[in-house]
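In: Sequence and predicted structure below; questions after.
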Amino acid sequence: MKYIDEFQDPDLARRLLDEIHSTVTRPWALMEVCGGQTHSIIRHGIDQLLPDQVELIHGPGCPVCVTPLEVIDKALEIASRPEVIFCSFGDMLRVPGTGRDLFQVRGEGGDVRVVYSPLDALRVAQQNPARQVVFFGIGFETTAPPNAMTVYQARKLGIPNFSMLVSHVRVPPAIEAIMRSPQCRVQGFLAAGHVCSVMGIDEYPELAERHRVPIVVTGFEPLDVLEGVRRTVAQLERGEHTVDNAYARAVRPEGNPAAKAMLEDVFEVTDRSWRGIGVIPDSGWRLSAKYRDYDAEHRFSVEGIRTEEPAACRSGEVLQGLLKPHECEAFGTVCTPRTPLGATMVSSEGACAAYYLYRRLDTTPAAREATSVV
Amino acid sequence: MSDAIDLTAPLPDPAAWTCPAPLRDQSRIVMGHGGGGALSAELVQNVFAPAFGGEVLHRLGDAAALSLGGLRLAFSTDSFVVRPLFFPGGSIGDLAVNGTVNDLAVSGARAAYLSCGFILEEGVEIDTVTRVADALGAAARAAGVEVVTGDTKVVEAGHGDGIYINTAGIGLIPAGVDLRPQRVVPGDVVIVSGAIGVHGVAIMSVREGLEFGVEIVSDCAPLGGLVDAMLAVTRDLHMLRDPTRGGLAAALNEVAAAAGAGVVIEERKVPVPPAVANACAVLGLDPMYVANEGKLVAFVPRQHADAVVDAMRAHPRGAEAAIIGEVVRDHPGMVVARTGLGGTRVVDMPLGEQLPRIC
């Protein structure tokens, strides 16, 4: 894939790295907001190539990780019903709810299907008029428009047996919550490029100004991430804090008006709970009153399910960069990628999972002890 | 659509930011138990191996190496539950032959005889069964094996995906050939016989109705001839593996764990066709974890590596053979990839099957 290769060119990467190394004069803590960027950083080993002074904090931008336990439990309850075909993106199937996950529901006889698009779920509904088809609508501003479009289509086509379990989240309020934390260590943000390609960058200048923090809109390929780091560090070294678009090939300042209009029609902003963080005001979307009929929570009467999350792990602090994964008591003992206690250990891009893998490369006695119980 | 952020609204107390989830307890079979990763291995180690016992089984090779009447035999079995039954580049019939033949081939044996068990679902068309049987027969002839015994069962409608097939195969291991992970030592060179990820993406493209712009054809093929060509260079090959379920990542991890050695690969040297890389990028999959058929990974003493690669490249099944890495003393049991940018990443054992990512 030529287009992608160009953004993984080792020579260009080396040049960007050289420039970052020569620019940095003191320690900086940057947060990459998006799970896709975290994936690219881990996948290409970018964090090991940056100067020691540049610390990357993996933000709460993995939609799978931040979907609250309560919503997962609602999904498990709905998916267990015999009349339901439950459709989801693949990586939600392994996220544990209380006691089980969607894979286990399938093992117990539930009809749980992996789809690649919400419109595929709508097609399943058309093909199975006698069954109820529910799509698990999670994700950030990037996945929200196609999900909104699907609900819009369901209503337009009059498909009565389709509904959506919605747990969408919005990035800017999360940045706000992180910056307002008294212990916040983040000094610069790599904003999520794909989110901005939908929403534009209007929401960021105020955030950057209020918290005096540079926000650089950054893409996902290795060179995009390095360019985002380069521009953020350059601003920090100059004492600036502006919004900079380093992903101009995909992001227009106004975003995608058609997608925004669809979001505005189908969804309304709501407070949303983030797994590991808690409720952040105005940080999510739910179906608007006009589309209430398509709300699976309402249709299957699971609105009342409330799950208490016992305080067992400290991934919320890890997400803020306040705690290194191995400093958590559960790390590598009761909490491993196989038996995750927290979202940061669930996803392969999660900070704890990544740390767990790399910790095993460290042959010091302390590291061996930390990862010896699998 | 929102709007300005309400600065007066209460925010969660950062000290209480936690993310707990309960420990998982697998009380039932999930799809991951058949995915060729850690869950599969646990099922075998915790359930099957203790129940069956036996020193040979505990070696857990692709095929069992047996001594019988003065002969060294390799014996293997595999079941095939692929959907759809026909895909670009092959069918369940081809797979049923090549899967078992290749398990024998990577044990150093040339397959001689196969058994074949069909489990048919009530309602499947005779014409479909005939096409699969014809494909199976043709694949057997192409692989130089003879189907000598078989069995047929029919299950009620709704209890199968049309056709399931089990095959078992037996072959002779030549004198001087001893392929097993315990022979892998630091300094060995890691070779793959060609492009990886092709079969898995080909199956996914038809099963899920995904189109990637270019038709991706499965590389399903018998490997006996290629292994013969390699053994003609030297019988001192240490270990071969066909990286099927779990992909190259699972195969390398299994060998690293069994050998008690580390493996380092150069990511850019791993041949991944652009169409596979493209499809994986779209789906958020890693080609290293995607299933292959008709490919092998070899652990070869360094002094023989170049000659073995030359011999592989001279064979049609190994034209794209490449040295991708080496076995090291560091990080025993782990596989590490050096990335194109010069960083490193751990290539871990997959848990179950790989899932397309949302982001």
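Out: Ah, there it is.

In: Is chain B within reach of stretch A:240-254?
Out: No. Figure legend: stretch A:240-254 not in contact with chain B (C-beta under 8 Å from any C-beta of the partner chain); closest approach 13.2 Å. Where you see a C-beta, it was placed from the backbone N, CA and C, and this is true even at glycine.

In: And the contacts of that stretch?
Out: The contact list for stretch A:240-254, computed with C-beta atoms under 8 Å, 6 or more residues apart in numbering or on different chains, reads A:191, A:193-194, A:196-197, A:200-202, A:204-205, A:208-209, A:211-219, A:224, A:227-228, A:231, A:235.

In: Go through the residues you listed and flag which are in helices.
Out: Among the contacts of stretch A:240-254, the residues falling in helices (DSSP state H) are A:193-194, A:196-197, A:204-205, A:208-209, A:211, A:224, A:227-228, A:231, A:235.

In: Where do the strands of the stretch 1-150 of chain B begin and end?
Out: Counting by DSSP state E, counting those that start in this stretch, the stretch 1-150 of chain B has strands at residues B:64-68, B:71-80, B:86-87, B:90-91, B:110-121, B:146-155.

In: Can you lay out those as JSON lines showing distance to chain A?
Out: Output for the strands of the stretch 1-150 of chain B, formatted as JSON lines (distance: least, C-beta to the nearest C-beta, whole Å):
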{"stretch": "strand B:64-68", "distance to chain A": "28"}
{"stretch": "strand B:71-80", "distance to chain A": "19"}
{"stretch": "strand B:86-87", "distance to chain A": "18"}
{"stretch": "strand B:90-91", "distance to chain A": "23"}
{"stretch": "strand B:110-121", "distance to chain A": "19"}
{"stretch": "strand B:146-155", "distance to chain A": "18"}
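
In: So which of the ones you listed is the most surrounded?
Out: strand B:90-91 (a mean of 24; mean count of other C-beta atoms under 10 Å in any protein chain shown).

In: For the stretch 201-350 of chain B, give the residue positioned nearest to chain A.
Out: residue B:343 (1.8 Å; C-beta to the nearest C-beta).

In: what sits against the residue nearest to that residue when sequence neighbours are not counted?
Out: For residue B:343, ignoring the flanking residues on the chain, the nearest one in space by C-beta to C-beta, 6 or more residues apart in numbering or on different chains is residue A:45 at 1.8 Å. By C-beta under 8 Å, 6+ apart, the residues touching residue A:45 are B:338, B:339, B:341, B:342, B:343, B:344, B:345.

In: Would you check which pair of the residues you listed lies furthest apart?
Out: Farthest apart among those by C-beta to C-beta are B:342 and B:345. That separation is 11.5 Å.

In: neighbour count winner among these two?
Out: Comparing residue B:342 with residue B:345 by other C-beta atoms under 10 Å in any protein chain shown, the one with more neighbours is residue B:345, at 22 against 15.

In: check contacts around that one.
Out: By C-beta under 8 Å, 6+ apart, the contact list for residue B:345 reads A:42, A:43, A:44, A:45, B:336, B:337, B:339.

In: For it, pull up the helix or strand it's in.
Out: Using DSSP states H and E, the element containing residue B:345 is strand B:344-346.

In: quick one: that strand to chain centroid distance?
Out: Using C-alpha atoms, centre = their mean, to the nearest Å, the mean C-alpha position of strand B:344-346 is found 21 Å from that of the whole chain.

In: quick one: strands adjacent to it?
Out: Using DSSP bridges, strand B:344-346 pairs in its sheet with strand B:335-338 (antiparallel).

In: Give the rounded mean pLDDT of the partner strand.
Out: What strand B:335-338 shows for mean pLDDT is 94.

In: Stretch A:358-371 now?
Out: 53.

In: Next: stretch B:67-79.
Out: In this model, stretch B:67-79 has an average pLDDT of 92.

In: cool, and stretch B:96-110?
Out: Stretch B:96-110 carries an average pLDDT of 95.

In: rewinding a little: give me the pLDDT for the residue nearest to residue B:343.
Out: For residue A:45, pLDDT reads 88.

In: In chain B, which residue is most central in space?
Out: Centroid check for chain B by C-alpha atoms, centre = their mean gives residue B:244 as the closest residue, at 1.3 Å.

In: That one looks like it's in a helix, true?
Out: No. Secondary structure of residue B:244 (DSSP: H, G, I helix; E, B strand; the rest coil): coil, not part of a helix.

In: Name the spans of the stretch 151-300 of chain B whose pLDDT lies under the cut-off.
Out: Within the stretch 151-300 of chain B, the segments meeting pLDDT under 70 span B:213.

In: Show me which residues of it are close to chain A?
Out: Contact residues (C-beta under 8 Å from any C-beta) of the stretch 151-300 of chain B with chain A: B:208, B:210, B:274, B:277, B:278, B:281, B:283, B:284, B:286.

In: list the helices and strands the strand or helix carrying the fourth one packs on?
Out: Residue B:277 belongs to helix B:274-283 when elements are defined using DSSP H and E. With contacts defined as 3 or more C-beta pairs under 8 Å, 6 or more residues apart in numbering or on different chains; DSSP states H and E, helix B:274-283 has these neighbours: helix A:2-6, helix B:198-207.

In: so which of those helices comes closest to residue B:51?
Out: It is, among those and with distance given as C-beta to C-beta, helix B:198-207, at 30.7 Å.

In: Report the distance from the closest one to the chain centre.
Out: Per C-alpha atoms, centre = their mean, the centroid offset for helix B:198-207 relative to its chain is 14 Å.

In: Quick check: next helix or strand after that helix?
Out: With DSSP H and E, the next secondary element past helix B:198-207 is helix B:224-233.

In: in its sheet, what does the helix or strand following that following helix sit against?
Out: Next helix or strand after helix B:224-233 toward the C-terminus (DSSP H and E): strand B:239-241. For strand B:239-241, sheet partners with direction are given as strand B:297-300 (antiparallel), following DSSP bridges.

In: May I have the partner strand as PDB, with CA atoms only?
Out: C-alpha atoms of strand B:297-300 as PDB (Å, rounded to 0.1, in the frame of the first residue of the first chain):
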ATOM      1  CA  VAL B 297       9.000 -21.200   9.000                       C
ATOM      2  CA  ALA B 298      12.400 -22.900   9.400                       C
ATOM      3  CA  PHE B 299      15.000 -22.800  12.100                       C
ATOM      4  CA  VAL B 300      18.300 -23.600  10.500                       C
END
